[in-house]
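1. here is my input, please return the structure:
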Amino acid sequence: MVGADRLEQRGVTNIGDALNELPSFRATTGPASQGLSETGYIGGRILDLRGLGPVRTLTLVDGKRFVPATLQGTVDTNLIPSVLLERAEVVTGGASAAYGSDAVAGVVNLIINGRLEGFKASAQSGITDRGDDRQTLLSLAGGAKIGNNLHLIAGMEYEKSTGIGNCYEREWCATETLNFGRPPGITNIPANNILSGVRPSTISRRGVINSSRNAAGIAFSSATDPLRGITFNPDGSARFFQYGTGLGSVANSVNSLYMVGGEGEGENGYFDALPLKSPTERVAAYARLTWDISPNITAALDVSYGRLRARHGVREYKDAETVIRRDNAFIDLLPQSPDPRLNIRSILNANPNIASFRLGRTYNDIGVGRTLARNETFRTVASIKGKISDGWSWDAYYEFGRNNFHSTVYNASITSNYNRAIDAVRDPVSGQIVCRALSSLNTDPASRAAAAGCVPLNPFGNLTTPAAQAYVSTNAFQKNRTTEHVIVGNLNGTLIDLWAGPLSVAFGGEFRSDKITGDTDFYSQNLLLFQGGGSLVQGKVEVTEGYVEAELPLAHDITLLRELSLNGAVRRTHYNRQGANNQSTVNATTWKVGAVWEPVEWLRLRGTRSRDIRAPNIAELFGPTTQSFGIINDRQNGGAQIQPRVLSGSNPNLVPEVANTWTVGVVLQPRGGGLLGRLRASVDYYDIQIDDAIGNIGGQTIVDRCFQGATEFCNLVTRDASGILTRIVDTQQNVNKLITRGLDVELTYRQPLGDMGNVDLRLLATITNNLITRDSAGSTDRAGQTGLRGGTVPGVPDYILDGLLTWSREALSVSAHARYIPSGFYNSSFIGPDQEGYNVAATNSSNINSVPDAIYVDLMTQIEFLKDGGRNGTFFFGIDNLFDKDPPLVPGANGVGNNLLFSPVGRAYKAGIRFGF
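-> This is a model prediction of the structure:
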């Protein structure tokens, strides 16, 4: 349980941030998370228990469903005002039988203070040591009785964060610590080398020639290529590209993507458009009117509204293999150089066997794309509950929710238009420079029609005209509306009184309908954008289910059997799934059995065995195919680094995941005074095994698994005639088995200090023994993986410790919070020198495969300056990351570092005021 007091002691502005600090959660999605979908949900605080993925954590409000904020069916806690929360209850382990689908990893139940009386408000501001990520929070809430039978509560929050710029805004990230793959022909260094100063070798902001080709498309050797290594200044004048020499004794410090050292510092086109933390702005409001109809019947109406606006970057268009034919008209416009080795037209005239050359360029001069996402949610719940008799009660509710999502990608790059615009010639009739497809030499009506409006683009230097920029870019969009209807009815009570107490039962039914409609632009639908297009999702899932629960007491108040009881539940669910061109039905049964034994009053033992499910969501079933790029180490070609296209998409034939879960725990609650009497502790072991797990496998994983002999993965890989990897298909599949095992530990202690006040300690720990993904090629255990490489599945630390120590005396309290992440390994596919089986010649060898530990310390001071009857006022100020701890220097999904675990923000300050009456 996380109470509202933790939010005050930590000074966090959102319940999602408070929960993501707990060791059992992983901050998979948030404003600072890397690997964000550039047109997907940006800045959401979505909960992920056990690191099993947010889709396997069910988030409720007062035990009721909340309308999904994402296409994946997950709830964004941004849209629920924390000012009204009384507490958050976290039920870990399988809970599908009691709560329904999606509760494979557990349930988070956010409890609203529905009987709030009085008024409270707060204002808070924060800023980092570097002067960025300015944060502002304003909140207010109130509640009052209206007459004898009505009670109204209402609250709202406004929060704004300016975020942090790209990787080069932080010194640790500007080290350009990336993975440099072993160049061809080199054998005395590992296949992977985590080094600083790693920069692109085949792209630059003004263009670099990578190879010359003959008419058959065969490249010249580097030694005989007269054009390789020519780059350009902004005005188009040529010079020699400065390749890296950072490996010292190794002759070749350059591979097909990267180099060590060399030019281009601070200009990495693979990630320099992406922010370390996305700017966000949110508004959340909630109101509840409760009507006590009679002493035994109460009705309530809840209405809530939430809005989140967030911005993110989109990678600019880049291509290391842009084909420039020898008759390209812009070659003739290049300024002449006094060095004949730099005059491209003269070189081509002297080498008639050169038919074309390949240019690598990042087109950031055309403008970096940016995404603006807006998410708006409305929800209302009409509920009623009552008592039939002393032993029986009932409740029912109807929920309607609607979420509107709109994302616009400004300045999105159209790949086909780039290719047409760059291929420019001088028209023999008009003498003008035109796109080849529109020249008088082209008489094909279809290709001319496709190229209508084409404006030639000069690829050398930074000489792009506004007209060419307008032709090669567009504003893409995605809009979706999610509509949810839920009808629930429950009845519970005492069936019969037995020798050890009442046999309690509960049963009920639920109908739920989730529907997504939407639209996106023409270019996104047809995969014509380089990256950052929208996703067209249309579908509906209807769920009908019924359940029964029971609790059977076996013993009470006898020796070593102070309490002994059994509990169980079973739920039957029917899914009706409807897509644009597909309809299917699926049935599932979930169940659980548990036991509680309290031999003495200070010791309690508990255990549960459950069968749980997660049904595929609408996006997984009926979403589109989307396109991105991934940096892959191709072990089939000696570990060469390449950047193939990665196609991701839905699968209408997915079936529900099935999880088998064990939890066993012990609770210690000593009685009486003294040291032990103030101690509370619990230890719980969990074992979750998920069959037919749904998910994207990851481009790197697919390539690795194919190399290891799993032929079903090879069907997802495309290579050209020379064996070069060109495309990976990473659609949703039921191909994995997920297994996680570990321990949750909680300890609380309170020590009175007499006139010096009190000290309160709460220590939380999660120890993860396994986080295994299993497929036909074997198992991969990511427990202990604290690095995050793009195209791979994230891991979790071996353990996380979270401690909160608070000293309070009268009007003053000081809280110290510490979070410790132990050392781990970077990549489960790599083998470093300190690991068994290391061989420098192997395709998965790495010079480093370890990640150092990190500890973050935060301080918060609260001073109560007003306490007069019902009035109160508190001033607070704090420092997060007191010692300005940087993330470990390892490659990340979008630059350096793993922002899922390690904060990229640095030291930050915050202060505010709270008051109420």
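2. quick one, helices of the protein?
-> 4-10, 15-20, 96-99, 344-350, 415-422, 445-450, 466-472, 522-525, 618-622, 674-677, 699-707, 711-714 (DSSP state H).
3. need those in TSV with mean neighbour count, distance to residue 315 and mean pLDDT, can you?
-> Where C-beta positions appear, they are placed from N, C-alpha and C, glycine not excepted. Formatted as TSV, those follow (neighbours: other C-beta atoms under 10 Å; distance: least, C-beta to C-beta, whole Å; pLDDT from 0 to 100):
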stretch	mean neighbour count	distance to residue 315	mean pLDDT
helix 4-10	19	35	87
helix 15-20	23	27	89
helix 96-99	24	39	85
helix 344-350	16	28	94
helix 415-422	21	13	94
helix 445-450	11	25	92
helix 466-472	17	15	95
helix 522-525	18	15	88
helix 618-622	24	22	89
helix 674-677	10	58	79
helix 699-707	24	16	84
helix 711-714	16	26	82
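4. out of these, which comes closest to residue 832?
-> Nearest to residue 832 among those is helix 699-707 (16.5 Å), distances taken as C-beta to C-beta.
5. buried residues in stretch 98-110?
-> 98-110 (16 or more other C-beta atoms under 10 Å).
6. pLDDT check: weakest of the residues you listed?
-> Among the buried residues of stretch 98-110, residue 101 has the lowest pLDDT, at 78.
7. thought that residue was touching residue 543?
-> Yes: the criterion here is C-beta atoms under 8 Å, and residue 101 meets it with residue 543 at 7.1 Å.
8. any residues in contact with both of those two?
-> 573, 615 (C-beta atoms under 8 Å, 6 or more residues apart in numbering).
9. burial of residue 127, as a residue count?
-> 16 (other C-beta atoms under 10 Å).
10. ok, it - contacts?
-> Taking C-beta under 8 Å, 6+ apart as the test, what residue 127 contacts is 133-135, 908-909.
11. residue 573 too?
-> 100-101, 543-545, 587-590, 613, 615.
12. please apply the same query to residue 78.
-> 14, 16, 43-45, 69, 280, 282, 284, 306, 308.
13. just those residues: which are in strands?
-> 280, 282, 284, 306, 308 (DSSP state E).
14. what's next to stretch 547-555, contact-wise?
-> 97-98, 492, 495, 498, 500-509, 561, 563-572.
15. could you rerun that using 6 Å?
-> Residues from elsewhere that reach stretch 547-555, judged by C-beta atoms under 6 Å, 6 or more residues apart in numbering: 500-501, 503-507, 561, 564-571.
16. residue 433 contacts residue 424, doesn't it?
-> Yes: taking C-beta atoms under 6 Å as the definition, residue 433 is a contact partner of residue 424 at 5.4 Å.
17. can you list the buried residues in the strand ranked longest in the chain?
-> Determined from DSSP E, the single longest strand within the chain is strand 473-498. For strand 473-498, a neighbour-count test (16+ other C-beta under 10 Å) marks 473-474, 476-480, 482-486, 488-490, 492-493 as buried.
18. neighbours of the closest residue in space to residue 912 that isn't next to it in sequence, how many?
-> Nearest-residue entry for residue 912: residue 124, 3.2 Å, with adjacent residues in sequence omitted and distances by C-beta to C-beta, 6 or more residues apart in numbering. Neighbours of residue 124 under the rule other C-beta under 10 Å: 21.
19. is residue 124 bridged to anything, and to what?
-> Residue 124 forms beta bridges with residue 137, residue 912, as assigned by DSSP bridges.
20. just confirm it contacts residue 137, I think it does.
-> Yes: at 4.3 Å, residue 124 counts as touching residue 137 under the criterion of C-beta under 6 Å.
21. what lines up beside the helix or strand of the chain with the lowest mean pLDDT in the sheet?
-> Here the helix or strand of the chain ranked lowest by mean pLDDT, DSSP states H and E is strand 626-629, holding a mean of 70. Note on strand 626-629: by DSSP bridges, its sheet partners are strand 645-648 (antiparallel).
22. pLDDT on the strand it pairs with, on average?
-> 80.
23. and it, how far out from the chain middle?
-> 18 Å (C-alpha atoms, centre = their mean, to the nearest Å).
24. one more: stretch 279-292?
-> Using C-alpha atoms, centre = their mean, the offset of stretch 279-292 from its chain centre is 25 Å.
25. ok so, going back, what's in contact with the least confident helix or strand of the chain?
-> 527, 531, 535, 643, 646-648.
26. about what we covered before: okay if I get the contacts of residue 127 as a markdown table plus neighbour count, pLDDT and distance to residue 429?
-> Below are the contacts of residue 127 laid out as a markdown table (neighbours: other C-beta atoms under 10 Å; pLDDT from 0 to 100; distance: C-beta to C-beta, whole Å):
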| residue | neighbour count | pLDDT | distance to residue 429 |
| --- | --- | --- | --- |
| 133 | 24 | 95 | 58 |
| 134 | 15 | 96 | 59 |
| 135 | 18 | 95 | 62 |
| 908 | 22 | 97 | 64 |
| 909 | 13 | 97 | 68 |
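27. adding distance to residue 183, write the residues you listed out as TSV.
-> Below are the contacts of residue 127 laid out as TSV (distance: C-beta to C-beta, whole Å):
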residue	distance to residue 183
133	39
134	44
135	45
908	41
909	46
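28. need phi/psi at residue 114.
-> As for residue 114, its main-chain torsions (degrees, to the nearest 10) stand at phi -80, psi -10.
29. how about the contacts made by the closest residue to residue 225 other than its chain neighbours?
-> Once flanking residues are discounted, residue 225 sits nearest to residue 212: 5.0 Å by C-beta to C-beta, 6+ apart. Counting by C-beta under 6 Å, 6+ apart, residue 212 makes contact with 220, 225, 227, 354, 357.
30. cutoff 7 Å now
-> 220, 225-228, 354, 357 (C-beta atoms under 7 Å, 6 or more residues apart in numbering).
31. what of residue 278?
-> 31, 42-43, 163, 310-312.
32. most neighbours among the contacts of stretch 547-555, please name it.
-> residue 571 leads the contacts of stretch 547-555 on contacts (other C-beta under 10 Å) with 26 neighbours.
33. any idea how far the nearest residue to residue 496 once chain neighbours are set aside is from residue 493?
-> Computed as C-beta to C-beta, 6+ apart, the closest residue to residue 496 that is not its neighbour in sequence is residue 503, at 5.1 Å. Separation of residue 503 from residue 493 (C-beta to C-beta, to the nearest Å) stands at 10 Å.
34. one step back: nearest to residue 889, of the helices of the chain?
-> Residue 889 sits nearest to helix 699-707 of all those, at 20.7 Å, using C-beta to C-beta.
35. with just CA atoms, put the closest one into PDB.
-> Backbone C-alpha positions of helix 699-707 (Å, rounded to 0.1, in the frame of the first residue of the first chain) are rendered in PDB as follows:
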ATOM      1  CA  GLY A 699      14.700  -7.100 -34.300                       C
ATOM      2  CA  GLN A 700      18.100  -8.000 -32.800                       C
ATOM      3  CA  THR A 701      16.500 -11.000 -31.000                       C
ATOM      4  CA  ILE A 702      15.000 -12.200 -34.300                       C
ATOM      5  CA  VAL A 703      18.300 -12.000 -36.100                       C
ATOM      6  CA  ASP A 704      20.200 -13.700 -33.200                       C
ATOM      7  CA  ARG A 705      17.600 -16.500 -33.000                       C
ATOM      8  CA  CYS A 706      17.800 -17.200 -36.700                       C
ATOM      9  CA  PHE A 707      21.600 -17.400 -36.500                       C
END
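36. mind giving me the packing neighbours of it?
-> Helix 699-707 is packed against strand 632-634, helix 711-714, strand 717-719, strand 725-729, with contacts defined by 3 or more C-beta pairs under 7 Å, 6 or more residues apart in numbering; DSSP states H and E.
37. pick the most deeply packed of these.
-> The highest mean neighbour count among these, using mean count of other C-beta atoms under 10 Å, belongs to strand 632-634: a mean of 25.
38. follow-up on the earlier one: joint contacts of residue 433 and residue 424?
-> By C-beta under 7 Å, 6+ apart, the residues touching both residue 433 and residue 424 are 329, 456.
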